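S.K.: make a model of this:
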Amino acid sequence: MASTVPSPASLHGSVLHASSALLRNLANTGWVLILSGLTSSGTEAAGEAVCRPDLCQQLLQAAGIPPRGPIVPFEALLRVKAVAGGPADIRIVACRKPRA
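M.R.: Numbers count the residues shown, from 1 in each chain. Sure thing, here's the model as predicted:
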């Protein structure tokens, strides 16, 4: 049975990108949450950005959504530092509200 040993590059981390978007559905009757990454670590980070309270608060603030205000559609680009196969540091690079 072969063991998996992390490579030196994975221990130092690599920079990945991901996106999180909350958009209205095509019928305008509900919402669609899109989480995507270039790798599985990026997609995991996009999920963490909307599930972890601290990151979600930063994401909503970057989108200009007040803490108790109504939710509006937004798209966010994330920069992720992945270490040993998982996201270690997630930063919001850009955020925008799409046109209606």
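
S.K.: shaky segments in this protein?
M.R.: Where the chain drops to pLDDT under 70, the residues are 1-13, 100.

S.K.: name the helices or strands packed onto the longest helix along it?
M.R.: Scanning the chain for the helix with the most residues, using DSSP state H, yields helix 40-51. Packing contacts for helix 40-51, counted by 3 or more CB pairs under 8 Å, 6 or more residues apart in numbering; DSSP states H and E, involve strand 14-24, strand 31-37, helix 53-62, strand 74-83, strand 86-96. In this view, the C-beta of every residue, glycine as well, is placed from N, C-alpha and C.

S.K.: buried set for the last one?
M.R.: What that stands for is strand 86-96. Pro87, Ile90, Ile92, Cys95 (16 or more other CB atoms under 10 Å).

S.K.: what lines up beside it in the sheet?
M.R.: strand 74-83 (antiparallel) (DSSP bridges).

S.K.: then the second one?
M.R.: Here the strand partners of strand 31-37, with direction, are listed using DSSP bridges: strand 14-24 (antiparallel).

S.K.: between helix 53-62 and the strand it pairs with, find me the angle.
M.R.: Here strand 14-24 points in a direction 60 degrees away from that of helix 53-62 (axes from the mean of the first three to the mean of the last three CA atoms, to 10 degrees).

S.K.: which residues touch strand 14-24?
M.R.: The contact list for strand 14-24 (CB atoms under 8 Å, 6 or more residues apart in numbering) reads 30-39, 41-43, 45-46, 49-50, 59, 71, 73-82, 87, 93, 98.

S.K.: tilt between it and helix 40-51?
M.R.: 50 degrees.

S.K.: what subset of the contacts of strand 14-24 is buried?
M.R.: In these, the ones that pass as buried (16+ other CB under 10 Å) are 35, 37, 39, 41-43, 45-46, 49-50, 59, 73-76, 78-82, 87.
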